[in-house]
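Student: Mind folding the following:
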Amino acid sequence: MTASATRIVIADDHPLFRRALREAVGSVVAETSIGETSIGEAGSFEELTALLERDADDTDLILLDLSMPGISGFSGLIYLRAQYPAIPVVVVSASDDSATIRSSMDFGASGFIPKRFGVDTLRAALAKVMAGDIWIPADVDLAADGDPDLARLRDRLITLTPQQVRVLMMLSEGLLNKQIAYELGVSEATIKAHVSAILQKLGVESRTQAVIAAARISGSQWRPDGAAK
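Tutor: Below you'll find the predicted structure:
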């Protein structure tokens, strides 16, 4: 983090929780020597990506909820780490079981703060991550053995490009190739090429299997709604 003009973006679809995070960040700034800090807010993934397209070079930290409009599961985190690898992302989520926390860290998060924690713990966690350190709950063992099949799948998902992640996110919403092409402003042939690359990287044979594979990472959070269309 820079000593001055630190830029933090809070991405959460609940205004009251964004306010709580703003107040926590403000109290950390007041109690430390972090320096001048500005805070941006996004209530959806679309708002977040639009904000980053303008201010990515000036952004020092993103506080990301895993469940907000436009993303589900780890799709948003995977996209941000691929598109903006220089910006640390700390997950702040109500889904805080050990498997979710470990997967978040595997996908490149710089920390994980459960929403259930009290204000004092939230401030302490934010102080640490704003200082450039990693923070996770003390009772989480990142070295614990997990499902090897899921680990291999995580490794495959990480190889997707930012645009391929966006396409996979839209596939999970049941959008057709032509609809995805329209949303992303590219040709349908380009989307077909992305889908083919996604299938190859994930080691599956159909778009339905691709979305189901992604859904395995976060339980029911990535749903294959209409993915066979």
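Student: Give me the phi and psi for Ile71.
Tutor: phi -140, psi 160 (degrees, to the nearest 10).
Student: Specify the beta-bridge partners of it.
Tutor: Met68 (DSSP bridges).
Student: per-residue pLDDT, it?
Tutor: Per-residue pLDDT puts Ile71 at 81.
Student: so it makes contact with Met169?
Tutor: Yes. Assessed by C-beta atoms under 8 Å, Ile71 is found in contact with Met169 at 6.8 Å. Using the backbone N, CA and C atoms, a C-beta is placed for each residue, glycine as well.
Student: Between those two, tell me which one has more neighbours.
Tutor: Using other C-beta atoms under 10 Å, the more surrounded residue of Ile71 and Met169 is Ile71, with 28 against 23.
Student: before we move on, the earlier item: could you name every residue contacting both of Ile71 and Met169?
Tutor: Residues within reach of Ile71 and of Met169 at once, by C-beta atoms under 8 Å, 6 or more residues apart in numbering, are Tyr79.
Student: Break the protein into its domains for me.
Tutor: 6-130, 148-217 (automatic domain parsing).
Student: Of all those, which one is nearest Leu142?
Tutor: domain 6-130 (5.8 Å; C-beta to C-beta).
Student: Between the two ends of the closest one, what distance do you get?
Tutor: For domain 6-130, the first-to-last residue distance is 9 Å (C-alpha to C-alpha, to the nearest Å).
Student: quick one: the residue nearest to the spatial centre of the chain from Glu188, how far?
Tutor: The centroid of the chain falls nearest to Leu77 when counting by C-alpha atoms, centre = their mean (2.0 Å). Separation of Leu77 from Glu188 (C-beta to C-beta, to the nearest Å) stands at 28 Å.
Student: Could you list the low-pLDDT ranges of this protein?
Tutor: 1-4, 32-35, 144-147, 217-229 (pLDDT under 70).
Student: Helices of that one, residue ranges please.
Tutor: Using DSSP state H, the helices found in the chain span residues 15-31, 45-55, 75-83, 98-106, 119-130, 148-158, 162-172, 177-184, 188-202, 207-217.
Student: would you turn the ones you listed into TSV with distance to Val90?
Tutor: Below are these laid out as TSV (distance: least, C-beta to C-beta, whole Å):
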stretch	distance to Val90
helix 15-31	11
helix 45-55	14
helix 75-83	10
helix 98-106	9
helix 119-130	5
helix 148-158	18
helix 162-172	19
helix 177-184	28
helix 188-202	27
helix 207-217	19
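Student: out of those helices, which comes closest to Val92?
Tutor: Using C-beta to C-beta, those put helix 15-31 closest to Val92, at 6.9 Å.
Student: Report all helices and strands that the closest one contacts.
Tutor: Helix 15-31 sits against strand 6-11, strand 37-42, helix 119-130, with contacts defined as 3 or more C-beta pairs under 8 Å, 6 or more residues apart in numbering; DSSP states H and E.
Student: Ok, which of these comes nearest Ala181?
Tutor: Taking the helices and strands packed on helix 15-31 one by one with C-beta to C-beta, strand 37-42 is closest: 24.9 Å.
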